[in-house]
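Colleague: need a 3D model of the following:
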Amino acid sequence: MNKTLLFCSLVILSACGEETKEKEEIPMETFRDEVQATSVKVGLSEKKSFDYLINATGKIEAENQVMSVVERSGYLIDLKVEEGQQVKEGQVIALLDKTDSQLEWEKAQVNLRSSRAEYESRKITSTVETTFSEDLDKEARDEYWRASSGLLAAEIAVREAEINLDKTEVKAPISGAIADLKLKKGSLVSAGDEICLVLSTSLLEMKVKVLESDISFVKKGQKAEIYPVSGLGDSITGSVVSINPKVDENGLVQVTLKLSKGGGLLPGMNARAVIRAPQNNNLVVPKEAVVYRSGRPVVFTIDNNEAIWNYVEVGKDNGREVEVLDGLEADRTVIVSNNVQLAHQAPVQVSTE
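Modeller: Sure thing, here's the model as predicted:
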């Protein structure tokens with residue numbers, strides 16, 4: 001009886017030992033093969049030209065705007081424009097009563113004719129002798145007759161009267177659109193009174209504030225896209241035309257952009273500008289390739305169908321690509337999808353879709 005129990009015990013212990021041995025000898029690759037590979041999409045780390053995008057906001061302004069003013073006193077008898085109307089340079093936009101100016105001009109004309117008659121008379125009867133040469137003698141005598149006859153003063157008076165008469169027509173100083181109309185027909189005005197603002201709406205510019213840390217990337221001639229803050233409408237292209245060489249108290253620098261066209265933008269509108277600052281020979285990866293673990297940027301590459309964890313140092317970001325300063329080499333396949341929860345050496349399968 002005891003021999004039988006002993007024999008059974010030995011058999012059981014032998015079987016357990018063999019089972020334990022078999023379990024210990026199962027390779028780890030067997031378990032790894034049982035984990036389903038994560039389907040991922042891939043991109044490439046590349047050395048290439050990289051557009052760093054600088055975002056800024058500001059207001060649209062007319063490149064040229066001039067206030068039209070009255071140059072003499074009188075009654076405004078006619079106003080030929082309304083707000084929003086397009087005018088050409090030199091176009092009459094308002095008329096003043098010219099009765100007094102017309103009378104002054106007529107008086108000046110009468111005085112001019114009288115002075116010219118006196119001048120001709122003195123030329124005929126004068127016997128003034130000089131010691132100058134013959135040519136200078138004629139010139140000196142003619143100047144003397146013009147002055148003494150009052151002809152010079154009369155000619156100046158006529159020019160003054162013509163200028164005053166011309167000032168009764170207020171003309172557009174530049175081509176553009178009428179804005180801020182201030183006067184009404186029939187108003188009594190004085191010299192210096194403002195009539196309206198004329199804006200060159202076809203020539204627009206935008207002044208934006210750029211962080212001093214970014215201003216070294218901005219150069220004259222760089223391209224920009226301008227978008228209405230409302231988000232409606234297409235972007236309008238522009239370019240950098242000037243950079244203020246002064247940093248304000250908020251650490252900002254004013255940059256002026258010239259718009260290629262007006263589009264749906266109007267002076268005074270708020271807009272957003274994206275200035276493109278090209279950077280040459282930078283190592284970049286698609287933005288989706290960069291994920292963060294414990295606050296540190298990570299890029300996964302692929303080696304033998306496994307995801308390889310790479311800590312990287314990132315630089316500038318243009319919304320589509322990210323500059324990699326350290327931790328990655330060029331021409332490496334990088335994972336751009338399903339990488340948020342991916343582990344180091346996790347099996348992956350590249351999606352062909």
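Colleague: can you list phi and psi of residue 153 for me?
Modeller: phi -60, psi -40 (degrees, to the nearest 10).
Colleague: can you tell me how far it is from residue 103?
Modeller: Distance from residue 153 to residue 103, counting by CB to CB, to the nearest Å: 19 Å. In this view, the C-beta of every residue, glycine as well, is placed from N, C-alpha and C.
Colleague: with residue 229 instead?
Modeller: Noted for residue 229: a distance of 56 Å to residue 103, by CB to CB.
Colleague: same question, residue 218
Modeller: From residue 218 to residue 103 the distance is 60 Å (CB to CB).
Colleague: now the helices for the protein?
Modeller: Ranges of helices within the chain are 2-24, 28-34, 99-125, 134-148, 151-166, based on DSSP state H.
Colleague: got any ranges where the stretch 151-300 of the chain has weak pLDDT?
Modeller: Applying pLDDT under 70 to the stretch 151-300 of the chain flags the ranges 231-233, 262-263.
Colleague: the same query, at a cut-off of 50, please.
Modeller: Applying pLDDT under 50 to the stretch 151-300 of the chain flags no residue at all.
Colleague: any idea how far residue 330 is from the residue nearest the centre of the chain?
Modeller: Residue closest to the mean C-alpha point of the chain, counted by CA atoms, centre = their mean, is residue 257 at 3.2 Å. Residue 257 sits at a distance of 34 Å from residue 330 (criterion: CB to CB).
Colleague: again with residue 101
Modeller: Residue 101 is 79 Å from residue 330, by CB to CB.
Colleague: then residue 300?
Modeller: 16 Å.
Colleague: what lies in contact with stretch 220-232?
Modeller: 57, 60, 206, 233, 235-243, 257, 259, 264-265, 269-278 (CB atoms under 8 Å, 6 or more residues apart in numbering).
Colleague: keep only those of the residues you listed that are in strands.
Modeller: 57, 60, 206, 236-243, 257, 259, 270-278 (DSSP state E).
Colleague: which among the residues you listed count as buried?
Modeller: Burial by neighbour count, 16 or more other CB atoms under 10 Å: within these this picks out 60, 206, 236, 238, 240, 257, 259, 271-277.
Colleague: ok, the residues you listed vs residue 189, which is closest?
Modeller: Residue 189 has its nearest neighbour among those in residue 60, at 31.2 Å by CB to CB.
Colleague: partner residues bridging that closest one?
Modeller: residue 206 (DSSP bridges).
Colleague: now swap in residue 170 and tell me
Modeller: residue 94.
Colleague: isn't it right up against residue 98?
Modeller: No - checked against CB atoms under 8 Å, the pair residue 170 and residue 98 is beyond contact range at 11.7 Å.
Colleague: who's in contact with stretch 184-196?
Modeller: 67-79, 81, 83, 93-94, 96, 170, 178-183.
Colleague: how deep is residue 110 tucked in, by neighbour count?
Modeller: Residue 110: 10 surrounding residues under other CB atoms under 10 Å.
Colleague: scratch that, residue 280 is what I was asking about
Modeller: When neighbours are counted by other CB under 10 Å, residue 280 comes out with 8.
Colleague: returning to that earlier point: neighbour-wise, which of residue 170 and residue 98 wins?
Modeller: residue 170 (25 against 19).
Colleague: list the contacts of the more buried one.
Modeller: Applying CB under 8 Å, 6+ apart, one finds that residue 170 lies in contact with 68, 70-71, 92-96, 195.
Colleague: just those residues now: which is nearest residue 214?
Modeller: Looking across the contacts of residue 170 and measuring by CB to CB, the closest to residue 214 is residue 68, at 39.5 Å.
Colleague: the closest one is in contact with residue 93, isn't it?
Modeller: Yes - judged on CB under 8 Å, residue 68 makes contact with residue 93 at a distance of 6.5 Å.
Colleague: count of neighbours near residue 40?
Modeller: The number of residues packed near residue 40 is 21, by other CB under 10 Å.
Colleague: got a list of what it touches?
Modeller: Applying CB under 8 Å, 6+ apart to residue 40 gives the contacts 302, 307, 335-339, 342, 348-351.
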